[in-house]
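Q: give me the fold of what follows.
(one chain, ligands or ions: 3)
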Amino acid sequence: MNNLHDIIFIKRKDENMDIKVINDVKSQECDILIVNMFEGKQTSNDIANEYALNQDKFDGKFNTTYLLPTYGKFPARKILVIGLGKEEDITKNKIREAVAKSVKKAVEMKAKTIAIDFSGINFDYADIVSEGAMIADYAFDKYKTEKKHHVETLYTNLDKARIEKGQKRAEAMELTRNLANEPAQYATPDRLAEVAKSLGLDTKIYDRKECEKMGLNAYLAVARGSIHEPKFIHMKYSPKNPTKKIAIIGKGLCFDSGGMDLKPASSMLTMRDDMSGAACVLGVMSKLKELNPNVEVHGIIAACENMIGPDAYKPGDILTAKNGKTIEIDNTDAEGRVTLADALCYACELDIDEVIDVATLTGACMVALGSHASGIMGNNKDLVNNLINSANESGENFWELPMFEEYFDSLKSEIADMKNTGSRWGGASAAGLFLKQFVKKDIKWAHIDIAGTAFLEKPQKEFIAGSTGAGVRTLLNYITK
Ligand code: BES
Ligand code: MG
Ligand code: ZN
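A: Numbers count the residues shown, from 1 in each chain. Ligands and ions are numbered 1, 2, ... in the order given. Below is the predicted model:
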């Protein structure tokens, strides 16, 4: 069982929305033709202008819609007018959101075939259209006997190469979202390792014994409470003459019960999402061979579960990470940073220029930024700023959190080099400073805290509740541009 779609899949590739590039979308027979309207302006479609604009005074405010049946008088059975707001205020993010809103409407109306006829927008934005459509058509219905409706075919007259670029990003996100939405009973460390091996990259999986030999004792301590064996995953994508070499590390806690410092039931409920960083790394790695960037990329995941059990690690234990630094366990629920400590040490021993970790690391980051932005910190201004820009271009929000050395004060220990937790206040920054202890000084490092953004309680913008694939678009953009 080594084909990706056999291991994990909900929708097989051939069940995904088929996007067909054609010249004449207006004459295409379909269930719904989607046309855009800028506030107060005419659309490219005479019928829409007559009914929506002239008769019903539809004003084209951003993300509002107007539906028009055509009673067999037009190749499309219905026309959906989507408001894009003021023409001068249009952005890529608005287009993505509007496309997503239209596709969601089409799904609600059980449309099988749709066509998008957008006019007056920059045609460079074609990738945003395919990306937005696919994100909106996503459903996690593997466990439903009755499957959710999805759009089978989308017709567009936009640039094929750009459409395909957007499709690839959305497919990467789909893998990430599927993995993070899967229950922990299914998305085990072993399963993540299987998925990694299926990606056709140069991949090595280290088991417990091999990790012991490498000195990954902090990571292994976290894994001890679980029946599931830890799997340390290292994937490598290497082009011929890379311009630089980077590592991306994903927090891979397949379930976080909190360990001996057990979480209350309400906080534990969604902790299958604690491998969203790992899922993000797998999503990104899954598309590199197709996108073919000139950057060497190492994808690293220290996969395990944080459970209670007779051998579970305990508060007060002292662990030695791969770089020799000792950690006093103050709280077993701050486990992600303990696993990442060893993963960062491992990455820093590779021949790399940069390391970026992505992690559902702290509730504190979620308190600070909610579900609308991921936190970012690092030891290099340029890397952090470049990632923030890549996020802005991709439709994600990253917000820099401070890394003042003072945040380390509360992590000082009497008996070890540091504790894994300290003060509640400034918890996201303290976690960042903890991680920094395991990064070699000459390697550029950024840490992305996706605790609030990776998994939604309720629908938001183009996303349904559940996994959002946070970090995937940004990292793909960062790596490929
Ligand atoms: N996985 C959690 C962080 C988290 C919280 C992710 C909410 C997604 C949503 C992490 O392992 C954790 O439990 N952190 C603790 C740290 C605390 C004990 C210092 C937290 O944030 O409460
Ligand atoms: Mg925890
Ligand atoms: Zn966790």
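Q: wait, Tyr313 touches Tyr219, no?
A: No. Tyr313 lies out of contact with Tyr219 (Cβ atoms under 8 Å); the separation is 10.7 Å. Any C-beta I mention is one placed from the backbone N, CA and C, and that applies to glycine too.
Q: more neighbours, those two?
A: Tyr219 (29 against 22; other Cβ atoms under 10 Å).
Q: who's Gly466 bridged to?
A: Under the criterion DSSP bridges, Gly466 forms beta bridges with Leu456.
Q: local confidence estimate at it?
A: pLDDT for Gly466: 98.
Q: swap in Ile10?
A: Looking at Ile10, its pLDDT is 47.
Q: when you give positions from now on, start the count at 12
A: Sounds good: first residue 12 from here, last item Ile21.
Q: I'd like the next helix or strand past the helix or strand where Asn400 lies.
A: In the assignment (DSSP states H and E), Asn400 maps to helix 392-405. Heading C-terminal from helix 392-405, the first helix or strand you meet, by DSSP H and E, is strand 409-411.
Q: pLDDT of that following strand, averaged?
A: Averaging pLDDT along strand 409-411 yields 98.
Q: can you tell me the strand partners of that strand and which way each runs?
A: Here, using DSSP bridges, strand 409-411 pairs with strand 385-389 (parallel).
Q: how about the strand it pairs with as PDB, C-alpha atoms only?
A: Provided in PDB are the C-alpha atoms of strand 385-389 (Å, rounded to 0.1, in the frame of the first residue of the first chain):
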ATOM      1  CA  SER A 385      -0.400  32.900  12.700                       C
ATOM      2  CA  GLY A 386       2.400  34.100  14.900                       C
ATOM      3  CA  ILE A 387       5.900  34.300  13.600                       C
ATOM      4  CA  MET A 388       9.200  34.700  15.300                       C
ATOM      5  CA  GLY A 389      12.800  34.000  14.400                       C
END
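Q: and it, what's buried?
A: Across strand 385-389, burial judged by 16 or more other Cβ atoms under 10 Å covers 385-389.
Q: repeat that for stretch 310-325.
A: Buried residues in stretch 310-325, counted by 16+ other Cβ under 10 Å: 310-318, 323-324.
Q: which residues sit against stretch 392-406?
A: With contacts defined as Cβ atoms under 8 Å, 6 or more residues apart in numbering, stretch 392-406 is touched by 103-104, 107, 139, 365, 367, 385, 387-389, 408-411, 455-457, 459, 484-489, 492.
Q: out of the residues you listed, which are buried?
A: 103-104, 107, 139, 365, 367, 385, 387-389, 408-409, 455-457, 459, 484-489.
Q: follow-up on the earlier one: could I get the buried residues of strand 385-389 as JSON lines with distance to Ser277?
A: Formatted as JSON lines, those follow (distance: Cβ to Cβ, whole Å):
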{"residue": "Ser385", "distance to Ser277": "23"}
{"residue": "Gly386", "distance to Ser277": "23"}
{"residue": "Ile387", "distance to Ser277": "28"}
{"residue": "Met388", "distance to Ser277": "28"}
{"residue": "Gly389", "distance to Ser277": "32"}
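Q: which ones among those come in contact with ligand 1?
A: Among the buried residues of strand 385-389, no residue lies close to ligand 1 (Cβ under 6 Å from any ligand atom).
Q: now pLDDT too, for those, in TSV please.
A: As requested, the buried residues of strand 385-389 are exported to TSV (pLDDT from 0 to 100):
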residue	pLDDT
Ser385	99
Gly386	99
Ile387	99
Met388	98
Gly389	98
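Q: from the residues you listed, pick the one nearest Ser297.
A: Distance to Ser297 across the buried residues of strand 385-389 (Cβ to Cβ) is lowest for Ser385, with 20.5 Å.
Q: what sits against the residue of the stretch 62-211 of the chain found nearest ligand 1?
A: Per Cβ to the nearest ligand atom, Ala191 is where the stretch 62-211 of the chain lies closest to ligand 1, at 11.1 Å. Contact partners of Ala191, counting by Cβ under 8 Å, 6+ apart, are 198, 283-284, 286-287, 290, 465-466, 477-478, 480.
Q: let's see it at 10 Å
A: Shown in contact with Ala191 (Cβ atoms under 10 Å, 6 or more residues apart in numbering): 151, 198, 281, 283-291, 293-294, 371, 465-466, 477-481.
Q: what does Tyr217 give?
A: By Cβ under 10 Å, 6+ apart, the residues touching Tyr217 are 204, 223-225, 227, 241-245, 313, 357.
Q: nearest to ligand 2 among the residues you listed?
A: Nearest to ligand 2 among the contacts of Tyr217: Ala313, at 14.2 Å, using Cβ to the ion.
Q: beta partners for that closest one?
A: Counting by DSSP bridges, Ala313 forms beta bridges with Phe243, Lys262.
Q: just want the angle from the helix holding Asn400 to strand 385-389.
A: 160 degrees (axes from the mean of the first three to the mean of the last three Cα atoms, to 10 degrees).
Q: show me which positions of helix 392-405 end up buried.
A: Neighbour counts using 16+ other Cβ under 10 Å place 394-395, 397-399, 401-402, 405 of helix 392-405 among the buried residues.
Q: would you mind giving those as CSV with pLDDT and distance to Gly270 added?
A: Converted to CSV, the buried residues of helix 392-405 look like this (pLDDT from 0 to 100; distance: Cβ to Cβ, whole Å):
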residue, pLDDT, distance to Gly270
Leu394, 98, 32
Val395, 99, 31
Asn397, 98, 36
Leu398, 99, 31
Ile399, 98, 33
Ser401, 98, 34
Ala402, 98, 32
Ser405, 97, 34
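Q: quick one, what contacts the residue of the stretch 262-411 of the chain found nearest ligand 3?
A: The nearest approach of the stretch 262-411 of the chain to ligand 3 comes at Asp267, 3.6 Å away (Cβ to the ion). Asp267 is in contact with 195, 233, 274, 278-279, 281-286, 315-318, 343-344, 346-347, 371, counting by Cβ under 10 Å, 6+ apart.
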